[in-house]
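Participant: Could you work out the structure for the sequence below:
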Amino acid sequence: MSGGASTDDVIASEETEHREGVPESGFASYFGLAEHGTDVRTEIIAGITTFLTMSYIVVVNPAIMAGIPGSKPGIIIDGYTPGEVQQMLAVVTVLAAAIAIFVMAFYANRPFAQAPGLGLNAFFAFTVIGALGIPWQTALAAVVTEGVLFIGLTAVGARKYIIHLFPEPVKFAVGTGIGLFLAIIGLEEMQVVVGDPVTLVTLGSIASSPVALVSVLGLFLTLMLYARGIKGSIILGIIATTVAGYAIEVAGLVKSGTLTQEIPSAQYDITPLVGAFIQGFQNLDAFAFALIVFTFFFVDFFDTAGTLTGVSQVAGFLDDDGNLPEIEKPLMADAIGTTAGGMLGTSTVTTYIESATGVEEGGRTGMTALVVGLLFLGALVIVPLAAAIPLYASHIALVVVALLMMQNVTDIKWDDLSHAIPAGMTILIMPLTFSIAYGIAAGIITYPAIKTAQGEWRDVHAGQWALAAAFVLYFAVRTSGVMQTVA
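Facilitator: Okay, the predicted model is just below:
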């Protein structure tokens, strides 16, 4: 059919007209599912997928943040065992995530999910409490302060303005950088990639490691299901891998606990944590406190910005300039989540890169986020319910999405060095430093330098120079040892 619409186009148009002719009801109408080319079933599958891939945080966040007297820094509460504190933190993790996600669902109407961020919780426990010797209540006060700052900056449009200052090559490189970041996280948990004292990383002992062997088989099954176009392929792959792990243990082929993990009992009394940040504002060391807020602020700001941009690129949300329309709404959800989380008793809440798994399954609206939030609340029934899914199984989704995010690299103008070099730095630094924020920083610092070398420094916006200078200052503070000497 030359010179006109193809048969497929006509069929698609007729299907769209039919769908638009049927009145939407309930959630479909509220979230505008037809307008976004999705449906209730797809959004539910997407929400379940995202939850399965990020549910590990219900177990991991408490494990990182809870302290053990004389052994590990973190939150230690008199009269409670480390196990009981972990269970309190599991409840708080669920509540903080749910609050942020529900704001994302009903206010921003985006398929992004949030929870206390990895990396920031380690900084909270090991650096702030451990290295600096600052009380955990004061660390929570810093988180609340950061959250309030974010709410104010988002309300006046400052965060949106700063994100729009990101150079174009950095915006288009974020998706690929996040893909590599996801791949390393997933492959490491699957024991396909392991640490090495000489080469830093190397191939794991796949044939002799039950976890690696089951993970690789699960990964290939998931990829084959996806290639066949089977809906929910990522969920099916995760479930199949989990079932296989339990079955192998039941059959006695490996020792108990090798492929499965025990679900600990719950501790629902969180009163020792809730509101503890208020006590943290007493007897402050102003300089140390400012540095802590500064670090939380920078990492969370650019981590969230990078995640929103990268996942939005996969979903097709970005405009022609690489910006996410109405980005202030998901940013506000993030800010409210951080503030609420600090008040409840956990570290900074941030948007999760695992949201890309739900987006890849077709999630396009806040209904995806709503499903994730409801599943988090469901985990309260047996805290932490998510522990039933082994990490090696859930992380298969990260590798699948990482492979799919590689295609974003084609959006970069590789024949233009002012694009290729900053984009390349963003992509390289992000996975190698395990930080979305550091990757963005590398690209932002590099961009004006390369433009200047090409004699095009006038093309660099004043705000981009300011961002580059701010990141140089940040790295000077973060890597000079100042953080270890202020206590």
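Participant: Now the element after the top helix by length along the chain, going C-ward?
Facilitator: Looking across the chain with DSSP state H, the single longest helix is helix 286-315. The helix or strand immediately downstream of helix 286-315 is helix 328-344, counting by DSSP states H and E.
Participant: in this structure, which residue is closest to the centre?
Facilitator: In the chain, the centroid-proximal residue (Cα atoms, centre = their mean) is residue 352; its distance is 1.9 Å.
Participant: Might one say that that residue is in contact with residue 115?
Facilitator: Yes. Here residue 352 reaches residue 115: they are 6.1 Å apart, a contact under Cβ atoms under 8 Å. Where C-beta positions appear, they are placed from N, C-alpha and C, glycine not excepted.
Participant: Common neighbours of these two, please.
Facilitator: Counting by Cβ atoms under 8 Å, 6 or more residues apart in numbering, the residues touching both residue 352 and residue 115 are 54, 57.
Participant: what's the neighbour count on residue 454?
Facilitator: For residue 454, the neighbour count with other Cβ atoms under 10 Å is 12.
Participant: could you list every residue that touches the closest residue in space to it that isn't next to it in sequence?
Facilitator: Closest residue to residue 454 apart from its sequence neighbours, by Cβ to Cβ, 6 or more residues apart in numbering: residue 418 at 6.0 Å. Counting by Cβ under 8 Å, 6+ apart, residue 418 touches 169, 447, 450, 451, 454, 456.
Participant: As TSV, those with pLDDT, distance to residue 399 and secondary structure would be great.
Facilitator: As requested, these are arranged in TSV below (pLDDT from 0 to 100; distance: Cβ to Cβ, whole Å; DSSP: H, G, I helix; E, B strand; the rest coil):
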residue	pLDDT	distance to residue 399	secondary structure
169	92	26	helix
447	96	30	helix
450	97	32	helix
451	96	36	helix
454	95	38	coil
456	93	39	coil
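Participant: Contacts made by the helix or strand hosting residue 138 with the rest, please.
Facilitator: Here residue 138 sits within helix 136-155, counting by DSSP H and E. By Cβ under 8 Å, 6+ apart, the residues outside helix 136-155 that reach it are 67, 74-76, 124, 128-129, 159-160, 276-281, 284, 289, 292-293, 296-297, 300-301, 328, 331-332, 334-343, 345-348.
Participant: Surely residue 311 is in contact with residue 355?
Facilitator: Yes. Look at residue 311 against residue 355 with Cβ under 8 Å: they come within range, at 5.1 Å.
Participant: which residues do the two both contact?
Facilitator: Applying Cβ under 8 Å, 6+ apart, one finds that residue 311 and residue 355 are jointly contacted by residue 112.
Participant: For the stretch 1-150 of the chain, which segments count as helices?
Facilitator: In the stretch 1-150 of the chain, the helices defined using DSSP state H, counting those that start in this stretch lie at 7-21, 26-31, 40-54, 57-65, 82-103, 120-122, 136-155.
Participant: so which of those helices gets nearest residue 437?
Facilitator: helix 120-122 (9.9 Å; Cβ to Cβ).
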